[in-house]
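Undergrad: Model the structure of this input:
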Amino acid sequence: MLLISKNNHLSQLFTSPKQLLLLLPALLILQACGSGDNGPRNGRMGPPGNNRDNRTSVETYEVEQKTIRKQVKSYGNVSAQDIVTISPQVNNRVTDIYVDLGDTVQQDQILAKIHDDTYRQQVRQNRSQLEQRKSVMLRDSIEFFRQKKLYEQDLISDAEFETAQSNYQSSKAQFQSAQSALEQSLENLNNTEVKSPVYGVVLSRNVAEGDVASSGQTMFELANLTGLETRVHLPMHEWEQVNIGQEVQLSSSNGPGYSAMGRVSRKSPRVDPTTGLGEVVISLTSRGPTIHQGALVEAAITVETREQVPVIPRGALIENVETFIEPESNSIELRRTYSVFVVEGDSVAKKRSVELGIDQGSQVEISNGLTGSEEIVITGQNNLTDGRKVKVVSPEQLEEPPSSLTSDSTLSKNRTSGSRSKRQ
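TA: Okay, the predicted model is just below:
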């Protein structure tokens, strides 16, 4: 009866009991073959559907207590703290140039030479004049002291004593004048050697051999290498957070990571009314080989530091944006809330709301919602719901295709090839 009920179309074809009895063995064989897929294989029962692994594979991260810094960033060019302009102190023809653009010079190093014959002659003349004035002063001084003794003994008149005194004072003044003239001529002779007052590098050279140097003319420009700085310009809300002495990390495009360290040394007292930006000067305290004068660098000024706070990767956050319309102003306001999935008992993901603190690149501080000892989901959280069972796996396992898919595809290929061989 079961067969008839399941195959009632056969009962219509075979109406006599004799025909059914003849067909019964064949039907039994067909029923056994059709139910083979649901029966045991190799002596084992197939896996029931309710034993399937429904857990979601995720990658987790253990929340740590770290130090995080709030930074404001901007770009600027590295330059020398001081640009020294060198001008000649004497006038004459330039005979020699010893340095060129880009040369590094030491303090008191000779940069150029000015023709000095005239100044040497002046030195000789002034030295000779000084000797003459010295002789006259000695003669008049001897006469003065002799007349002074006679005057004290009332042996000479007042007029004679005053004359001797006047002659001595005059010759003494002339000697001092000659001495000053010699010192000036010696200085002029020394200034025919144009020297560097600082340790630095030559930024520009504006003279050549044979040119006539004159006072006030700029011969060289030197950058003082004892200090480098960069100037950045920040929007007002960031400029207000910057204070003198704050630490700065600088990086250039020529090298990975931070290439130099510095500190805020000066800050403009006002914001530029045209651009709305405030200037901040950063003095470099240390630098790497990729930092050169004129190089463009990114300056990250640390305006706030928090230690031992929960820090997580930003990619672990789930952002929820809600739109609110303000009826009075007819404006739209976006409110953002954040949450993460915390794995409890290594098997269940619980959704937990969090509040954000300092943001530093790909890391973010959690000011409320985490204590710093939880295990959170960082990959696969977008497919989770609160209370979902999860399976913690490694990043490599997340990238691999499921083994069931691999085995099924292999089985499918084998069946296809088998069927093809049968056709052949």
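Undergrad: ranges for the helices of the stretch 51-200 of the chain?
TA: 117-152, 158-191 (DSSP state H, counting those that start in this stretch).
Undergrad: export those to TSV and tack on distance to residue 199, mean pLDDT and mean neighbour count?
TA: Quick note: C-beta positions are derived from backbone N, CA and C, even for glycine. Output for the helices of the stretch 51-200 of the chain, formatted as TSV (distance: least, C-beta to C-beta, whole Å; pLDDT from 0 to 100; neighbours: other C-beta atoms under 10 Å):
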stretch	distance to residue 199	mean pLDDT	mean neighbour count
helix 117-152	28	92	15
helix 158-191	20	93	16
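Undergrad: would you turn these into TSV with distance to residue 358?
TA: Putting the helices of the stretch 51-200 of the chain into TSV (distance: least, C-beta to C-beta, whole Å) gives the following:
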stretch	distance to residue 358
helix 117-152	66
helix 158-191	58
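Undergrad: Which positions in stretch 303-319 come out as buried?
TA: For stretch 303-319, a neighbour-count test (16 or more other C-beta atoms under 10 Å) marks 303, 306, 309, 310, 311, 312, 316, 317, 318 as buried.
Undergrad: Residue 141 contacts residue 172, correct?
TA: Yes: assessed by C-beta atoms under 8 Å, residue 141 is found in contact with residue 172 at 7.4 Å.
Undergrad: residues touching the closest residue to residue 70 other than its chain neighbours, list them.
TA: Nearest non-adjacent residue to residue 70, counting by C-beta to C-beta, 6 or more residues apart in numbering: residue 304, 4.0 Å away. Residue 304 is in contact with 69, 70, 241, 358, counting by C-beta atoms under 8 Å, 6 or more residues apart in numbering.
Undergrad: Could you check the pLDDT of the nearest residue to the third one once chain neighbours are set aside?
TA: What it means is residue 241. In space, and not counting its chain neighbours, residue 241 is closest to residue 303: 4.3 Å by C-beta to C-beta, 6+ apart. Looking at residue 303, its pLDDT is 92.
Undergrad: what are the phi and psi values for residue 242?
TA: When read as degrees, to the nearest 10, the backbone of residue 242 gives phi -90, psi 140.
Undergrad: now the buried residues of stretch 303-319 as CSV including distance to residue 148 and secondary structure?
TA: Supplementary listing: the buried residues of stretch 303-319 in CSV, determined by distance: C-beta to C-beta, whole Å; DSSP: H, G, I helix; E, B strand; the rest coil:
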residue, distance to residue 148, secondary structure
303, 79, strand
306, 86, strand
309, 90, strand
310, 96, strand
311, 92, strand
312, 98, strand
316, 102, helix
317, 101, coil
318, 107, strand
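Undergrad: What is the nearest of those residues to residue 290?
TA: Using C-beta to C-beta, residue 303 comes nearest to residue 290 of the buried residues of stretch 303-319, at 25.2 Å.
Undergrad: And for residue 348, the neighbour number?
TA: 15 (other C-beta atoms under 10 Å).
Undergrad: my bad, should have said residue 77
TA: Residue 77: 13 neighbours (other C-beta under 10 Å).
Undergrad: Which pLDDT does the model give it?
TA: Taking residue 77 on its own, its pLDDT is 92.
Undergrad: dump the residue contacts of it.
TA: Residue 77 neighbours (C-beta under 8 Å, 6+ apart): 230, 231, 294, 295, 296, 297.
Undergrad: again, but for residue 224
TA: Applying C-beta under 8 Å, 6+ apart to residue 224 gives the contacts 80, 81, 82, 83, 84, 198, 199, 200.
Undergrad: how far away is it from residue 193?
TA: Distance of residue 224 to residue 193, computed by C-beta to C-beta, to the nearest Å: 21 Å.
Undergrad: Can you tell me how far residue 392 is from residue 142?
TA: 110 Å.
Undergrad: correction: residue 387
TA: Taking C-beta to C-beta, one finds residue 387 at 118 Å from residue 142.
Undergrad: I'd like to know how far the residue nearest to residue 130 when sequence neighbours are not counted sits from residue 117.
TA: Closest residue in space to residue 130, ignoring its immediate chain neighbours: residue 178 at 4.2 Å, by C-beta to C-beta, 6+ apart. Distance, residue 178 to residue 117, by C-beta to C-beta: 22 Å.
Undergrad: So for residue 343, which of the helices of the stretch 51-200 of the chain sits nearest?
TA: Using C-beta to C-beta, the nearest of those to residue 343 is helix 158-191, at 79.6 Å.
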